[in-house]
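K.L.:
Need a 3D model of the sequence below.
(one chain, ligands or ions: 3)
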Amino acid sequence: MTHRAFLGLGSNIGDRVGYLRDAVVAIPDVVAVSYAYETDPVGGPEQDAFLNLVVRLETDLSARELLGVCQEREEAAARVRVMRWGPRSLDVDVLWVDGETVDEPDLIVPHARMFERAFVLVPLADVGADLLPAGYDVAAAAHAEGVRNVGPLESLV
Ligand code: X6L
Ligand code: MG
Ligand code: MG
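P.N.:
Numbers count the residues shown, from 1 in each chain. Ligands and ions are numbered 1, 2, ... in the order given. Reported below is the predicted structural model:
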């Protein structure tokens, strides 16, 4: 049997749409893609706005195997690590894997900190609303944290 998993994607350098599109088509077992959101940057240095989205998978892959998928996609986007929380061509994070928790130095699932951020939770509402914290007000959080729906990824130029 396959299980459900969610990955969060973000980009804030260069051809953001291109990096996200290339990643979404290359990630295996994707069954749903959220709208794309332009989001105010959180943490790190002053930097440009992100495009963020969340994909849902139906997969046999473990959280550890999904981390490998994330790292492959970041490498394919020629991600260069300059500074912690700095700008990046592509960031892909394992957010959640049904039935699995991991707490290791290089991989924590569920991705606890990310689950507090509107740039994750607002797109997650599109493809995995049952994972939202009880009573989470998507519209209020989007407004408060600067998360703007810019439509389906395939509609962006
Ligand atoms: C205090 C201290 C407050 C640290 C916030 C939050 C740091 C999130 C890093 C923080 C803090 C992060 C994205 C981003 C980053 C993204 C948007 C991170 C890692 N990634 N902002 N900032 N989208 N909008 O994907 O998540 S850096
Ligand atoms: Mg991230
Ligand atoms: Mg990351």
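K.L.:
ok, now which ones touch the nearest residue in space to residue 23 that is not next to it in sequence?
P.N.:
Spatial nearest neighbour of residue 23, excluding adjacent residues (C-beta to C-beta, 6 or more residues apart in numbering): residue 73 at 4.5 Å. Bear in mind the C-beta positions are built from the backbone N, C-alpha and C, glycine included. Counting by C-beta atoms under 8 Å, 6 or more residues apart in numbering, residue 73 touches 23, 26, 27, 90, 92.
K.L.:
Within range of ligand 1, give me the residues from this protein.
P.N.:
Contact residues (C-beta under 6 Å from any ligand atom) of the chain with ligand 1: 10, 39, 40, 41, 42, 43, 44, 50, 52, 85, 91, 119.
K.L.:
what's the closest of these to residue 66?
P.N.:
Distances from residue 66 to the residues of the chain next to ligand 1, taken as C-beta to C-beta, are shortest for residue 91 (14.2 Å).
K.L.:
Residues in a beta bridge with that closest one, which ones?
P.N.:
Residues in a beta bridge with residue 91, per DSSP bridges, are residue 10.
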